[in-house]
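>>> the sequence and its predicted three-dimensional model are supplied below.
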Amino acid sequence: MSPKPKTVYTCQKCGHQERKWLGKCPDCGEWNSLVEEAFQPQRAGAKPAGSGLPQYAAAKPVRYADIESQDDARISSGIDEFDRVLGGGIVAGSLVLIGGDPGIGKSTIIIQIADHLSRGGRRVMYVSGEESERQIKMRGERLGLEAEDLFILPETNLESILSEAEKQDPGVLIVDSIQTVFSSNLDSAPGSISQVREAAGEFMLFAKRTGKPVFLIGHVTKEGSIAGPKALEHIVDTVLYFEGDRHHNHRIIRAAKNRFGAANEIGVFEMTNMGLVPVGNPSEVFLQERPEGASGSVVTVCMEGTRPMLVEVQALVSGTNYGSGRRMAQGFDYNRTSLLIAVLEKRLGFQLGGDDIYVNVAGGLEINEPAADLGIAAAIASSFKNLQIPPDTAVFGEIGLTGEVRGVLQAQTRAREAQTLGFKRLIVPASNRKGLEKLLGTRVIGVKNLEEAMDELF
């Protein structure tokens with residue numbers, strides 16, 4: 001009778017291991033995330049005998065001065081907005097992870113990129129673990145793709161994928177999705193933390209050793225993070241997230257991590273019958289349906305990576321039948337909104353405790369920087385006073401707890417974007433006004449605190 005194999009309980013969220021089952025992971029605090037897996041001791045860096053994985057030669061140290069620069073060696077994906085998010089194009093030997101909700105457009109954008117790359121003379125191998133080659137062909141025909149040098153591989157076994165990649169020698173490798181890939185050397189189920197970590201590690205070695213870029217498609221959890229271990233995001237070079245409601249036309253791709261460019265850079269796309277189409281000027285898209293003559297609406301200038309964007313901030317202040325008012329924020333941090341409401345009550349004397357307050361960033365964009373504070377406060381004050389803010393006015397600035405308006409970074413870039421879109425008046429922090437006097441056709445007003453800002457707005 002063979003001895004019972006040793007098992008270990010592994011957290012599917014963070015990778016923490018325990019010898020016995022626990023309801024709550026002691027490392028990350030996740031509930032019901034420990035799954036029983038076979039314990040397989042293995043030396044670091046060693047390959048199991050007969051694994052079928054390619055055996056690479058050992059790397060040797062290289063003098064830093066002898067390494068050639070590759071700043072001009074980026075590969076264009078054929079889509080300008082996607083290249084912007086990546087920092088200027090695809091870097092050779094990079095490992096890119098793309099995540100998003102089901103049906104948001106991950107497979108659509110990646111097959112469009114594969115089509116552009118194949119037209120440019122690069123062989124692309126598309127590994128599909130969820131769809132057959134006929135289903136992918138149907139999508140390609142719907143999108144009007146040619147993709148003469150695109151090869152479809154419906155396979156989920158890691159060893160077979162890497163073996164075929166060595167034979168085909170593709171210029172770009174695409175894996176859709178990483179959760180379906182499994183190694184026959186591990187007993188755990190596909191999608192488990194052990195399988196995902198093993199597959200991602202092998203694809204990283206393939207990318208670094210061969211210099212070929214690899215794209216991984218990843219599912220997301222209910223919380224919006226990529227399913228699988230957090231170590232997966234540490235392994236890859238770039239993490240791209242799809243944002244936006246799949247029931248709306250616009251999609252936003254945001255770089256949550258990028259070793260070759262600016263993090264938090266975004267690309268804006270529109271979903272059409274012909275796939276995802278880049279939006280050249282997102283500010284016009286977010287402002288095109290702005291209401292006229294309505295209170296509670298103001299335009300603020302925010303920075304997304306290196307790109308300035310003008311967005312409409314809306315607020316609604318209404319009475320409530322209950323003892324305390326309700327607070328709700330969409331597209332902006334809820335705690336930050338509560339802080340700004342408290343500042344308005346304390347410094348300007350607004351009686352907002354018995355009112356419901358709703359804040360919304362139009363267009364589905366999420367703002368995470370403090371420069372939008374003045375826009376949020378102005379929209380709430382406009383709705384509370386029931387006074388319209390002039391439609392040719394844009395604002396930006398950070399608000400402190402004492403009611404002061406603090407300076408923000410890249411003020412000139414923000415101001416030039418507002419000037420380009422025809423805004424005639426710009427209310428900015430007083431410390432940022434210097435250097436903005438030369439904007440032709442735009443009056444720049446510097447304010448030191450909320451009282452001065454409200455006097456200029458109303």
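Yes, it's here.
>>> okay, now the domains of the protein?
Annotated domains of the chain cover 7-38, 74-279, 285-457 [automatic domain parsing].
>>> buried residues, the helix or strand containing residue 174. List them.
Here residue 174, judged by DSSP states H and E, is contained in strand 172-176. The neighbour-count check on strand 172-176 (16 or more other C-beta atoms under 10 Å) flags 172, 173, 174, 175, 176 as buried. Where C-beta positions appear, they are placed from N, C-alpha and C, glycine not excepted.
>>> returning to what we had before: let's have the domains of the chain in CSV, adding mean pLDDT and distance to residue 59.
Below are these laid out as CSV (pLDDT from 0 to 100; distance: least, C-beta to C-beta, whole Å):
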stretch, mean pLDDT, distance to residue 59
domain 7-38, 86, 26
domain 74-279, 89, 8
domain 285-457, 92, 33
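>>> residue 60: which of those domains is closest?
domain 74-279 (12.8 Å; C-beta to C-beta).
>>> need the distance between the two termini of that closest one.
End-to-end distance of domain 74-279 (C-alpha to C-alpha, to the nearest Å): 22 Å.
>>> what about whichever strand in the chain runs longest, distance to the chain center?
As assigned by DSSP state E, the longest strand anywhere in the chain is strand 307-319. Centroid separation between strand 307-319 and its chain, computed with C-alpha atoms, centre = their mean, to the nearest Å, is 21 Å.
>>> residues touching the helix or strand following that strand, excluding its own?
Using DSSP H and E, the helix or strand that follows strand 307-319 towards the C-terminus is strand 327-330. Where contact means C-beta atoms under 8 Å, 6 or more residues apart in numbering, the residues beyond strand 327-330 that reach it are 334, 336, 337, 338, 341, 356, 357, 358, 359, 360, 361.
>>> using PDB, write out every CA atom in strand 327-330.
Written as PDB, here are the backbone C-alpha positions of strand 327-330 (Å, rounded to 0.1, in the frame of the first residue of the first chain):
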ATOM      1  CA  ARG A 327     -23.700  60.600   0.800                       C
ATOM      2  CA  MET A 328     -22.800  58.900  -2.400                       C
ATOM      3  CA  ALA A 329     -19.900  59.300  -4.800                       C
ATOM      4  CA  GLN A 330     -19.400  57.700  -8.200                       C
END
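>>> for the helix or strand following that strand, packing partners?
Sequence order places helix 334-348 as the next helix or strand after strand 327-330, per DSSP H and E. In terms of contacts (3 or more C-beta pairs under 8 Å, 6 or more residues apart in numbering; DSSP states H and E), helix 334-348 is packed against strand 327-330, strand 355-361, helix 373-385, helix 450-457.
>>> buried stuff in the third one?
The one in question is helix 373-385. For helix 373-385, by 16+ other C-beta under 10 Å, it's 373, 374, 375, 376, 377, 378, 379, 380, 381, 382, 383, 384.
>>> now render those as JSON lines, adding distance to residue 212.
Putting these into JSON lines (distance: C-beta to C-beta, whole Å) gives the following:
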{"residue": "373", "distance to residue 212": "45"}
{"residue": "374", "distance to residue 212": "47"}
{"residue": "375", "distance to residue 212": "45"}
{"residue": "376", "distance to residue 212": "46"}
{"residue": "377", "distance to residue 212": "50"}
{"residue": "378", "distance to residue 212": "50"}
{"residue": "379", "distance to residue 212": "49"}
{"residue": "380", "distance to residue 212": "52"}
{"residue": "381", "distance to residue 212": "55"}
{"residue": "382", "distance to residue 212": "54"}
{"residue": "383", "distance to residue 212": "54"}
{"residue": "384", "distance to residue 212": "58"}
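>>> which one of those is nearest to residue 306?
Among those, and counting by C-beta to C-beta, the member closest to residue 306 is residue 375, at 20.3 Å.
>>> so that closest one touches residue 300, yeah?
Yes - between residue 375 and residue 300 a contact is recorded at 2.9 Å, counting by C-beta atoms under 8 Å.
>>> one step back: could the domains of the chain go into a markdown table alongside distance to residue 60?
Listed next are the domains of the chain as a markdown table, based on distance: least, C-beta to C-beta, whole Å:
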| stretch | distance to residue 60 |
| --- | --- |
| domain 7-38 | 31 |
| domain 74-279 | 13 |
| domain 285-457 | 37 |
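>>> quick one on the thing from earlier: who are the packing partners of the strand holding residue 174?
Partner elements for strand 172-176 (3+ C-beta pairs under 8 Å, 6+ apart): helix 106-119, strand 124-128, helix 193-210, strand 214-218.
>>> quick one, that strand and strand 124-128 angle?
Interaxial angle, strand 172-176 versus strand 124-128 (axes from the mean of the first three to the mean of the last three C-alpha atoms, to 10 degrees): 10 degrees.
>>> who does strand 172-176 pair up with?
strand 124-128 (parallel), strand 214-218 (parallel) (DSSP bridges).
>>> all helices of this structure, in order?
Ranges of helices within the chain are 80-86, 106-119, 133-143, 158-168, 193-210, 231-235, 282-287, 334-348, 373-385, 411-420, 450-457, based on DSSP state H.
>>> off-centre distance for the longest one?
Centroid separation between helix 193-210 and its chain, computed with C-alpha atoms, centre = their mean, is 22 Å.
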